[in-house]
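**Student:** Predicted model follows, preceded by the sequence.
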Amino acid sequence: MSDEDTTRILNRKTPKLGNEADDTVAYSSMQKSSVTDKKSSSSRDEDYTKVFRPSKPGEAALGAPVQVSAGFSGEPVVGWLVVVDGPGRGQSLPLGFGMNSIGRAKEARISLDFGDEEISRQDHASVVYDPKGNKFYLQHGGGINLTYIGQTPVLQPVEIRGRETISIGNTKLIFVPFCGPDFIW
């Protein structure tokens, strides 16, 4: 397996007060890194995952870590969902690598918490960006209410290419890709 195929994931606790060290665990499909484990009695600690994208051949070491959570700032944007009808009209929501779960909850990677209660709190749908295939997919999240592309329900993963109208509850979104045939991170 080459460096291009390696993904490194790092789990750690949120920064603590004072000078205490963070819990850090690094994994690689090629190797396990050492583990530094310092226990803390703080109940304010929350786990989150950092994803390291491998560098392209000829570039320096792996890129900077990016926090994957609601509002995944720092991660390269691969596309957007733009609310064109319903609550939240005019808002744009960035998409990142991998699974972009859509729901009303603040924990959803794409939080559509604009007042449309027909959108499930968790996993109503997902927009998936596959960096190896450089393709996007829309899939149903498993809830009771359906997701539509135009007038067609999404019952299994469907490849999306751009400018599709996605209906979730009373909200309509337009998918706008950034990565594609002309560009990839």
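**Tutor:** Received the coordinates, thanks.

**Student:** how about the helices in this protein?
**Tutor:** For the chain, applying DSSP state H gives no helices.

**Student:** quick one: low-confidence parts of it?
**Tutor:** Low-confidence segments of the chain (pLDDT under 70): 1-73.

**Student:** Now with 80, please.
**Tutor:** 1-74 (pLDDT under 80).

**Student:** Residue ranges of each domain in it, please.
**Tutor:** 1-56, 79-177 (automatic domain parsing).

**Student:** Straight-line length of the last one, end to end?
**Tutor:** Distance between the boundary residues of domain 79-177 (Cα to Cα, to the nearest Å) amounts to 4 Å.

**Student:** buried ones in stretch 76-88?
**Tutor:** Pro76, Val78, Gly79, Trp80, Leu81, Val83, Gly86, Pro87, Gly88 (16 or more other Cβ atoms under 10 Å). From N, CA and C alone the C-beta is placed, and that goes for glycine too.

**Student:** Could you point out which of the residues you listed is nearest to Ser101?
**Tutor:** Leu81 (12.1 Å; Cβ to Cβ).

**Student:** Could you measure from Asp130 over to Gln91?
**Tutor:** According to Cβ to Cβ, to the nearest Å, Asp130 stands 25 Å off from Gln91.

**Student:** Check Thr152 too.
**Tutor:** Computed as Cβ to Cβ, the Thr152 to Gln91 distance reads 24 Å.

**Student:** Dump the buried residues of stretch 76-88 to JSON lines, plus distance to Gly143.
**Tutor:** Output for the buried residues of stretch 76-88, formatted as JSON lines (distance: Cβ to Cβ, whole Å):
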{"residue": "Pro76", "distance to Gly143": "29"}
{"residue": "Val78", "distance to Gly143": "24"}
{"residue": "Gly79", "distance to Gly143": "23"}
{"residue": "Trp80", "distance to Gly143": "23"}
{"residue": "Leu81", "distance to Gly143": "17"}
{"residue": "Val83", "distance to Gly143": "19"}
{"residue": "Gly86", "distance to Gly143": "17"}
{"residue": "Pro87", "distance to Gly143": "18"}
{"residue": "Gly88", "distance to Gly143": "19"}
